[in-house]
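J.: the amino acid sequence is not available; the structure is as follows:
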């Protein structure tokens, strides 16, 4: 079948988080499975854009309310990602260096969605499924079914909305209702939630099927979804939890191009030690101590705000018997706190503020433990990357972390789980990590066991295809 993925992110084109990783991998494995998966996303000013060749596929003109604009659809020429990649160019709106964070994000992503549907309206055929990802594309099911300009051709095309993070919903005031192509006014209730236009809520109402990125996150949305709890309870009949996979071709310590020292589950002890020594030398840390790392966005939902106090408490209480390495960016105050600690704990701690793909791979390979104290974690990919590299995950029991990590106190447990995003729970977990690090025999078993867990995309692809097949 032909599957059109529409997304704001796709690795390696442009990525801000797990959404980019999923959209960069799922279509590739769907294509390998014999389907025709395509990705459509905005054309940002990225290295990928300038380092690759594209052909113009379509040029069109349309409008967003009283704003008329030209757009161009370009297609990556060599199929280097394993699927067809289309970028939507709207001068002055989408040609930005960053994906998000602009005052006109509402206008940017609304115009993007309108342009995509205007283009699809010119096709000589219809795809089998239109698969939308998060609120940036969640108005598409509504516009396909209700807007006069699109419904005759596209109204019968099945739509799927995958929710990667329900905390962000794309709210826009009713004064921007005129941005959308004309529709029957009595259908306006499909757009509304909480007295405002809520794209994510609209997508949940209008998509034929809604998926979330883990089983537990689907359940959590019915009692913790930033105001949409009643909606998820009401629409639970069409919602499905499908655990994300990871791209084993990208995340493989056996041949990871970012690593100098490769290893397998059989050579994990020596391989990780070599990577750890290299990492510790780079940042002035002691390679004989357990190394705990944090990799991710420094924001509240990741509980990054508790990192400074948790790390300081652990270093003092454990009398310097553990090291910490941080990689991330986000909240300016948290960045400042973590960065300022570099001078106070030399030899025990180091923070790198920013995003660095190469360093993240080296940290997964060289670390002993990965800390994820997330308040919200719909699926989480970092813990799966860590397991693939034999790094023990230390996670809060929420969402996908709960579904993928079994505590070492359970039968065949290989990780460390805790219940609260608090300094106390993190501190206690650090103590558990130090104890297991000293038990080299048990640690080796945990590393080998988790490295052989199958978190590949193949199983997830089958689950998505099963969802699509329900439309036949």
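T.: Nice, I can see it. Computed from a predicted structure; not experimentally measured.
J.: the helices in the stretch 1-150 of the chain, which residues?
T.: With helices called from DSSP state H, counting those that start in this stretch, the stretch 1-150 of the chain shows them at 18-32, 47-51, 105-120, 140-146, 148-154.
J.: let me fix that: the stretch 201-350 of the chain
T.: Using DSSP H, counting those that start in this stretch, helices in the stretch 201-350 of the chain cover 215-220, 229-234, 268-283, 307-317, 332-340.
J.: mean neighbour count, mean pLDDT and distance to residue 149 added to those, as JSON lines?
T.: From N, CA and C alone the C-beta is placed, and that goes for glycine too. Conversion of those to JSON lines gives the following (neighbours: other CB atoms under 10 Å; pLDDT from 0 to 100; distance: least, CB to CB, whole Å):
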{"stretch": "helix 215-220", "mean neighbour count": "21", "mean pLDDT": "95", "distance to residue 149": "33"}
{"stretch": "helix 229-234", "mean neighbour count": "16", "mean pLDDT": "97", "distance to residue 149": "27"}
{"stretch": "helix 268-283", "mean neighbour count": "18", "mean pLDDT": "98", "distance to residue 149": "54"}
{"stretch": "helix 307-317", "mean neighbour count": "19", "mean pLDDT": "95", "distance to residue 149": "49"}
{"stretch": "helix 332-340", "mean neighbour count": "16", "mean pLDDT": "97", "distance to residue 149": "42"}
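J.: want to throw the ones you listed into JSON lines with distance to residue 416?
T.: JSON lines is the format used below for the helices of the stretch 201-350 of the chain (distance: least, CB to CB, whole Å):
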{"stretch": "helix 215-220", "distance to residue 416": "18"}
{"stretch": "helix 229-234", "distance to residue 416": "30"}
{"stretch": "helix 268-283", "distance to residue 416": "17"}
{"stretch": "helix 307-317", "distance to residue 416": "13"}
{"stretch": "helix 332-340", "distance to residue 416": "22"}
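J.: one step back: with mean pLDDT and distance to residue 289 added, can I get the helices of the stretch 1-150 of the chain in TSV?
T.: What follows is the helices of the stretch 1-150 of the chain, written out as TSV (pLDDT from 0 to 100; distance: least, CB to CB, whole Å):
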stretch	mean pLDDT	distance to residue 289
helix 18-32	94	30
helix 47-51	96	36
helix 105-120	98	43
helix 140-146	98	50
helix 148-154	98	58
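J.: among the helices of the stretch 201-350 of the chain, which is nearest residue 349?
T.: helix 307-317 (6.3 Å; CB to CB).
J.: which ones are touching residue 205?
T.: Residue 205 makes contact with 142, 190, 231, 235 under the criterion CB atoms under 8 Å, 6 or more residues apart in numbering.
J.: returning to that earlier point: to residue 177, which of the helices of the stretch 201-350 of the chain lies closest?
T.: Closest among the helices of the stretch 201-350 of the chain, using CB to CB: helix 229-234, at 19.8 Å.
J.: contacts for the closest one?
T.: For helix 229-234, using CB under 8 Å, 6+ apart, the contacting residues are 193, 201, 204-205, 221-223, 225, 239.
J.: hmm, 7 Å instead?
T.: With contacts defined as CB atoms under 7 Å, 6 or more residues apart in numbering, helix 229-234 is touched by 193, 201, 204, 221-223, 225, 239.
J.: what do you get for stretch 316-336?
T.: 283, 285-286, 289-299, 304-305, 307, 311, 314, 338, 348-356, 359-360, 363, 427, 430, 434.
J.: work out the gap between it and the centre of the chain.
T.: Relative to its parent chain, stretch 316-336 has a centroid offset of 23 Å by CA atoms, centre = their mean, to the nearest Å.
J.: distance between the ends of that stretch?
T.: 21 Å (CA to CA, to the nearest Å).
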